[in-house]
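Undergrad: sharing a sequence plus its predicted fold:
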Amino acid sequence: MLNYNILKFKNLIFCISVLIFTFLILNLSLAATPEELRNAIEQKSRELQEINNKIKENQKTLEQIQNQNKTLTYEIKNLDYNINQINLGIRYSEVNIEKLNLEINSLQYDINEAETDINSKKEAIIKIIQEFQKKDNETPLLIFLKNKSLSDSVFEAQNLTDLNTNLKLEIENLKQAKEKMTNKLDQSTNKKQLLEIENNNLKNKKLILSDIKKEKNIILAQTKNQEKIYQNIISDLQKKQIEIAQEIDKLEESLRLSFNPDVLPIKRSGILSYPLNEVTITQEYGYTNSAKILYKTKFHNGVDFEAPIGTPVFAADDGEVIAVGNNGRLQYGKFVLIKHNNNLATLYGHLSKQIVQKGEIVKRGEVIGYSGNTGYSTGPHLHFGVYWLPTVTLKPFPGAGLVPVGVTVNPLDYL
């Protein structure tokens, strides 16, 4: 009982220490000078670049081990690399949150400075107007009549002209100061929105990490750490996947008979936006060698993008989520399907996590999930498919559940 109370006391002390430390950090950032904030922001930018470089290096290693034979050792190594990758992603989000907070504090200095400048310029305008009011009833004739000398009259007339010029100048300065403040306020609002998004990214990446660790434990439990059992599982998955892929090929060929390309948007860049911030194509649409080797089909019905696990995935256009599914270790794994108002639908496959629900309305560029390695996949990437909306359906397959099927078009025609 004594040990338990000591442990409770230690936990209490630890919690208080964390709170004090957090409070001190927050106050230090608020008390920092603008120059100190700029230096801290630059430091965070360098740290983010270093983490990003590590993520890219880790991704290259993952791509290299994907060429190895599918063994239990390979599977565990692959999961360990993914765990390392998502840990790097978590650290990236943490540092980015710190950077965004610093940028918001820096912008607050600029906003306060702009506010002071605006008030100063308002006071200058008020003084000029008060001077005008004093001389409001004085015409050029009265100015000349009241002064004893011509030079005094000319000086006073010039003074009125100067007041008018200064008033115009101060009004223009006030306008510029207000525009500057509006710009800084907009930047601050944008940074706060990015901060909210990054906080959500951090929360979801931690959930993804937990899921990957659970997946590793499930594989070890299913195989009992025995290669033979693992190979039997993989063999069964490959058979099911080939059946699904070939059936989808047949269905899509059949649906294509009724395909009318005239009802689709005119092919041009920008109809859809890229679903990732950084774009590297690893497999194109159509008759690819990879489709023939990996999936035992001739046709790849989408575009594959390189995407380290946990990378935010964005909606390619405004639309409604019509399906959020999970094909397990087959086909697309975790996927999101969105219908748009231009006769197109977009598919996002092999996700590690979906954060939208069926029926939800999404905006172009909104985060809908995170890239992963779910489904029948050789490594972390995003499968992006574009469908002719009227043909899209969800077909049930044994072991995979509901799988999106329909007439596909080349995504690169619209990105």
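TA: Nice, I can see it.

Undergrad: is Asp249 in a helix, a strand, or coil?
TA: State at Asp249, reduced to three classes by DSSP: H, G, I helix; E, B strand; the rest coil: helix.

Undergrad: burial of it, as a residue count?
TA: Applying other C-beta atoms under 10 Å, we find 17 residues neighbouring Asp249. Quick note: C-beta positions are derived from backbone N, CA and C, even for glycine.

Undergrad: what does Asn217 give?
TA: Using other C-beta under 10 Å, the number of residues around Asn217 comes to 11.

Undergrad: show me what stretch 256-273 is in contact with.
TA: The contact list for stretch 256-273 (C-beta atoms under 8 Å, 6 or more residues apart in numbering) reads 314, 316-317, 342-344, 346, 364-365, 386, 388, 391, 407, 409, 411, 413-415.

Undergrad: endpoints of that stretch, how far apart?
TA: For stretch 256-273, the first-to-last residue distance is 25 Å (C-alpha to C-alpha, to the nearest Å).

Undergrad: next, the buried residues of it.
TA: The neighbour-count check on stretch 256-273 (16 or more other C-beta atoms under 10 Å) flags 259, 264, 271-272 as buried.

Undergrad: what do you get for stretch 173-186?
TA: Buried residues in stretch 173-186 (16+ other C-beta under 10 Å): 173-174, 177, 180-181, 184.

Undergrad: and which of those residues is nearest to Glu94?
TA: Checking the buried residues of stretch 173-186 against Glu94 by C-beta to C-beta gives Lys184 as the nearest, at 26.1 Å.

Undergrad: surely the closest one touches Ser106?
TA: No - at 9.9 Å, Lys184 does not count as touching Ser106 under the criterion of C-beta atoms under 8 Å.

Undergrad: quick check on the contacts of stretch 256-273: which are buried?
TA: With neighbours counted by 16+ other C-beta under 10 Å, the contacts of stretch 256-273 contain buried members at 314, 316-317, 342, 344, 346, 386, 388, 391, 407, 409, 411, 413-415.

Undergrad: just the ones of the residues you listed in strands?
TA: Judged by DSSP state E, the subset of those located in strands is 314, 344, 346, 386, 388, 409.

Undergrad: now do the fifth one against Asn301, distance only.
TA: Distance check for Trp388 against Asn301: by C-beta to C-beta, to the nearest Å, it reads 12 Å.

Undergrad: where does the stretch 1-150 of the chain have low pLDDT?
TA: Counting by pLDDT under 70, the stretch 1-150 of the chain contains low-confidence ranges at 1-31, 67, 132-150.

Undergrad: thinking again about what came up before, report the two of the buried residues of stretch 256-273 separated the most.
TA: Taking C-beta to C-beta, the two most distant members of the buried residues of stretch 256-273 are Phe259 and Leu272; they sit 18.8 Å apart.

Undergrad: name the residue closest to the centre of this structure, please.
TA: For the chain, the residue sitting closest to the mean C-alpha position, by C-alpha atoms, centre = their mean, is Pro312 at 5.1 Å.

Undergrad: residues contacting that one?
TA: Contact analysis of Pro312 by C-beta under 8 Å, 6+ apart lists 201, 276-277, 367, 370.
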